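# Fold the following and give me the result.
(chains A and B)
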Amino acid sequence: DAGVIQSPRHEVTEMGQEVTLRCKPISGHDYLFWYRQTMMRGLELLIYFNNNVPIDDSGMPEDRFSAKMPNASFSTLKIQPSEPRDSAVYFCASSSGLAVDTQYFGPGTRLTVL
Amino acid sequence: EDQVTQSPEALRLQEGESSSLNCSYTVSGLRGLFWYRQDPGKGPEFLFTLYSAGEEKEKERLKATLTKKESFLHITAPKPEDSATYLCAGAAGNKLTFGGGTRVLVKP
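Got it, this is the predicted structure:
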C-alpha cells in the first residue's frame, strides 16, 4: 500500500483566501483523523471520522474550519477564510477499526498564510 | 483535561551514549500509551503501544516501558540514524493526546 496520501505538500496563500487540503487514507481503514502541528501547541487533533461520519469535531478551532469525507477513500479539510495564525503543518492519519489506536500518518501539508 | 508532558525537550547524545526519555501523563480512561518517531518534514511513524503498567516493548535499540503515571523510552547505544523527535501520546476513546516531543540528536 502507498500509505496515507496528502496533497498539496506545500501551500502558500494570502489571508482571506480559501484553502482546501486533501487526504486519501490507507485502503480498508475506517477511521480518519485530521491533526494540526505547530511549534507552540504541538500535535492537536482537529476532527475524526468513522466510516465517513464525523464523530468528534471538538478540536476544530473555529467555524472557518470544515471537514468532509464523501467516501471511504477521500477527505478534505477546508479553511475559509484563511488567517496567518492558521499557518501550520496539517496531518491526516488513518487506522483500522481492528487496531483503532495505531494511526498511520501522511506526510503532511505545510500551510503558510501570508 | 487530558495532559501528556515529555522531558527533556531536547537531548544531545554521543553515538553509543545510552539515555532515557520521559513521558508523564494524566489521561482519563487511558486505553494505551503510544510512542511515535518523527523525522523532519515527515509525519509521525508508529513505534510502540503499551497497555498496562509493567509492560515493556523493544525494537532494535529502543525499549519502551510503562508505569501508572509515566512511560520511558530507553535508547541503548544510539546511532546517528536514531536522531529524530520522539512523541508519546495517551489514548482515551478513539482520541490520542500528544506530548510536545523530545528532539534527539545523536552525534557520531
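
# For residue 74, give me the pLDDT.
With no chain named, the answer covers chain A. Looking at A:F74, its pLDDT is 96.

# That was the other one, I meant chain B.
For B:H74, the predicted pLDDT is 98.

# tell me which residues form a beta bridge with it?
B:S20, B:K63 (DSSP bridges).

# Residues of chain B that sit close to chain A?
Contact residues (CB under 8 Å from any CB of the partner chain) of chain B with chain A: B:31-32, B:34, B:36, B:41-46, B:49, B:87, B:89, B:91, B:94-101. In this view, the C-beta of every residue, glycine as well, is placed from N, C-alpha and C.

# 6 Å - rerun?
B:G32, B:K42, B:G43, B:P44, B:F46, B:A91, B:N94, B:K95, B:F98, B:G100 (CB under 6 Å from any CB of the partner chain).

# With respect to chain A, which of those is nearest?
B:G43 (3.2 Å; CB to the nearest CB).

# which SS state does that closest one fall under?
Recorded secondary structure, B:G43: coil (DSSP: H, G, I helix; E, B strand; the rest coil).

# ok, it touching A:T109?
No: taking CB atoms under 6 Å as the definition, B:G43 is not a contact partner of A:T109, at 10.4 Å.

# Quick one: mean pLDDT over stretch A:97-107.
81.

# end-to-end on it?
22 Å (CA to CA, to the nearest Å).

# same deal with stretch A:93-110?
15 Å.

# and what of stretch B:89-98?
Termini of stretch B:89-98 sit 4 Å apart (CA to CA).

# For that stretch, which outside residues touch it?
A:42-43, A:45, A:100-101, B:2, B:4, B:25, B:27-34, B:87 (CB atoms under 6 Å, 6 or more residues apart in numbering or on different chains).
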